[in-house]
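Colleague: Predicted model and sequence below, questions to follow.
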Amino acid sequence: SLPLSTYDTWIIKHVSRTLDSLLKFDPMEFGLPPFDDN
């Protein structure tokens with residue numbers, strides 16, 4: 001199995017990449033209502 005530090009680094013990169021793409025996601029492109037922070 002992978003050393004934990006390698007696994008942690010992979011998880012962190014994967015999660016930050018996922019969050020990045022979620023932040024760039026534009027719901028209007030898919031005909032969805034825009035995100036509302038309220």
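Modeller: That came in fine, so what should we check first?

Colleague: So for the helix or strand where T6 lies, what gets flagged as buried?
Modeller: Using DSSP states H and E, T6 sits in helix 4-24. Applying a neighbour-count criterion of 16 or more other CB atoms under 10 Å, one finds nothing buried in helix 4-24. The C-beta positions use only the backbone N, C-alpha and C, and glycine is treated the same way.

Colleague: quick one: it to chain centroid distance?
Modeller: 7 Å (CA atoms, centre = their mean, to the nearest Å).

Colleague: Same question for stretch 16-26.
Modeller: 4 Å.

Colleague: Let me know the average pLDDT across it.
Modeller: For stretch 16-26, mean pLDDT is 83.

Colleague: residues in contact with it?
Modeller: Stretch 16-26 has contacts (CB atoms under 8 Å, 6 or more residues apart in numbering) with no other residue.

Colleague: Send me it as CSV with only the CA atoms.
Modeller: Extracted in CSV, the C-alpha atoms of stretch 16-26 (Å, rounded to 0.1, in the frame of the first residue of the first chain):
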residue,chain,number,x,y,z
SER,A,16,-8.3,21.0,-4.4
ARG,A,17,-8.7,20.2,-8.1
THR,A,18,-12.3,19.1,-7.5
LEU,A,19,-13.0,22.2,-5.6
ASP,A,20,-11.4,24.3,-8.2
SER,A,21,-13.6,22.9,-11.0
LEU,A,22,-16.7,23.3,-8.8
LEU,A,23,-15.9,26.9,-8.3
LYS,A,24,-15.5,27.4,-12.0
PHE,A,25,-18.8,25.6,-12.6
ASP,A,26,-21.3,27.9,-14.2
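
Colleague: what's D26 sitting at in phi/psi?
Modeller: Backbone torsions for D26, taken as degrees, to the nearest 10, come to phi -110, psi 100.

Colleague: separation between it and P33?
Modeller: 12 Å (CB to CB, to the nearest Å).

Colleague: can you check L19 too?
Modeller: 21 Å.

Colleague: Ok, S5 next?
Modeller: Distance from S5 to P33, by CB to CB: 42 Å.

Colleague: so what's P33 up against?
Modeller: Contacts here follow CB under 8 Å, 6+ apart; on that basis P33 touches P27.
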